[in-house]
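Q: what follows is a predicted structure for the sequence shown.
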Amino acid sequence: MKHFINLKDIPVKDLRKIISDAKKRKKSRKKLSTLEADKGAPLKGKVLIQMFEKASSRTRISFYLAIKQLGGGTLTLRSNELHLGQGGESVADTAKILSTYADGFMLRTDSDKKIENFRDHLTIPIINGLSPSSHPTQVLSDVFTIEEIKKKPISKLKISWIGDSNNVLDSLIAASVKFSFKLSIGCPKKFEPGKKVINWVKNNNKKIFIFNDPKKAVKGADVIFSDKVISLNDKVNKKKKIEKFKKFKINKKLMSYAKKDCIFLHCLPRGDEVSNEVFLGKSSHVWKQALNRVHVQKSILLYCFGKLG
């Protein structure tokens, strides 16, 4: 049994195993329909419980399809439907119940502490489906997508992030350390990654590059990433924040500073941070990026369930 909470804590050799398995599984599904199980149905009879404290589209759907394609089943819950949210039941007691009913637990939460508390009391693996400081399933899938499109190891590429410092960026920074790729970040002053994240990078003898000029951040980039400037439950003055990010909008002109074959990725949903011309253009691979989450999350499930070779 292995947990999947933060890329920082997972050995790179295990992350590479997951990506390698996902590549094989995607290739083997070409003639299968959406709900047909993979050959051998490796998780037949297994149950994954998903719990969402925050809204979700891609994470919810992709994990449902992932466990189904592996031969298992899933039950999806919202925290306000449980005694945990409404009846005052402790995380410890809820974890014991979940461990009794299911084989794995995926949590999307607004509390990093809650994931840690569940981990400490569960006897089944827990997967972080998004927390305030991490979105590991999204970013590992993005590494898979980049290498699939570029047909080379991500360590040979320059990745640029344009936007706010959030949980996706924190996981992308962790990935840059694990996979040894160059990461440039473009954001306004006072929106840079926090000291804790930067110190972790330094302690691992790596470096990230931070610019307050988006043109410098994307210069020579192979991949440009972005995310919504206003995140779900963002407690800020939205008008002021949007104004500060105005010159960081990803449009055709900004893309011209990157390499000619630069691709654009976005974890979705999108806002005003990218123009339609880029988002719907030839350089955009956001739909493939979203679909690949199914394939990678299948391999993450196998890893957590101890079924990955």
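A: Noted; the coordinates are in hand.
Q: C-alpha only now, for contacts and for neighbours.
A: Noted.
Q: hey, C-alpha coordinates of the lengthiest helix in the chain in CSV?
A: For the chain, the helix with the greatest residue count under DSSP state H is helix 286-304. Extracted in CSV, the C-alpha atoms of helix 286-304 (Å, rounded to 0.1, in the frame of the first residue of the first chain):
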residue,chain,number,x,y,z
VAL,A,286,-5.7,21.0,-23.5
TRP,A,287,-8.2,18.3,-24.6
LYS,A,288,-5.5,15.6,-24.9
GLN,A,289,-4.1,16.9,-21.6
ALA,A,290,-7.5,16.4,-19.9
LEU,A,291,-8.0,12.9,-21.4
ASN,A,292,-4.6,11.7,-20.4
ARG,A,293,-5.5,12.1,-16.8
VAL,A,294,-7.6,8.9,-17.1
HIS,A,295,-4.5,6.9,-18.3
VAL,A,296,-2.1,8.2,-15.7
GLN,A,297,-4.6,7.9,-12.8
LYS,A,298,-5.1,4.3,-13.7
SER,A,299,-1.4,3.7,-13.2
ILE,A,300,-1.5,5.8,-10.0
LEU,A,301,-4.2,3.6,-8.7
LEU,A,302,-2.2,0.5,-9.5
TYR,A,303,0.8,2.0,-7.8
CYS,A,304,-1.2,2.7,-4.6
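Q: OK, contacts around the closest residue to Gly220 other than its chain neighbours?
A: Spatial nearest neighbour of Gly220, chain neighbours left out: Ala258 (4.5 Å); criterion: CA to CA, 6 or more residues apart in numbering. Listed by CA atoms under 8 Å, 6 or more residues apart in numbering, the contact set of Ala258 reads Val218, Lys219, Gly220, Ala221, Asp222.
Q: which other residues reach the longest helix of the chain?
A: By CA under 8 Å, 6+ apart, helix 286-304 touches 1-4, 18-19, 21-23, 25-26, 43, 58-59, 62-63, 65-67, 69-70, 125-126, 137-138, 140-142, 144-145, 264-267, 279, 308.
Q: show me which of those residues are buried.
A: 2-4, 18-19, 21-23, 25, 43, 58-59, 62-63, 65-67, 69-70, 125-126, 137-138, 140-142, 144-145, 264-267, 279 (16 or more other CA atoms under 10 Å).
Q: of those residues, which belong to helices?
A: In this view, these that belong to helices under DSSP H are 18-19, 21-23, 25, 58-59, 62-63, 65-67, 69, 137-138, 140-142, 144-145, 279.
Q: for Asp38, see how far away Lys31 is.
A: Distance of Lys31 to Asp38, given as CA to CA, to the nearest Å: 11 Å.
Q: same thing with Thr94?
A: Thr94 sits 32 Å away from Asp38, going by CA to CA.
Q: number of nearby residues for His285?
A: Look at His285: counted by other CA atoms under 10 Å, it has 18 neighbours.
Q: wait, doesn't it sit right on Leu265?
A: Yes: between His285 and Leu265 there is a contact at 5.9 Å, judged by CA atoms under 8 Å.
Q: what ranges do the strands span in the stretch 1-150 of the chain?
A: Remark: strands assigned in the stretch 1-150 of the chain by DSSP state E, counting those that start in this stretch are 47-52, 73-78, 104-108, 126-130.
Q: now do Asn292 against Ser299, distance only.
A: 11 Å.
Q: more neighbours: which of these two?
A: Ser299 (27 against 21).
Q: can you map out the helices along the stretch 151-300 of the chain?
A: Along the stretch 151-300 of the chain, counting by DSSP state H, counting those that start in this stretch, helices occupy 167-179, 195-203, 214-218, 238-244, 252-255, 276-279, 286-304.
Q: low-confidence ranges in this structure?
A: 85-87, 232-233 (pLDDT under 70).
Q: swap the cut-off to 80 and go again
A: 79, 82-87, 231-237, 309 (pLDDT under 80).
Q: quick one, domains of it?
A: Using automatic domain parsing, the domain parsing of the chain gives 7-134+293-304, 136-289.
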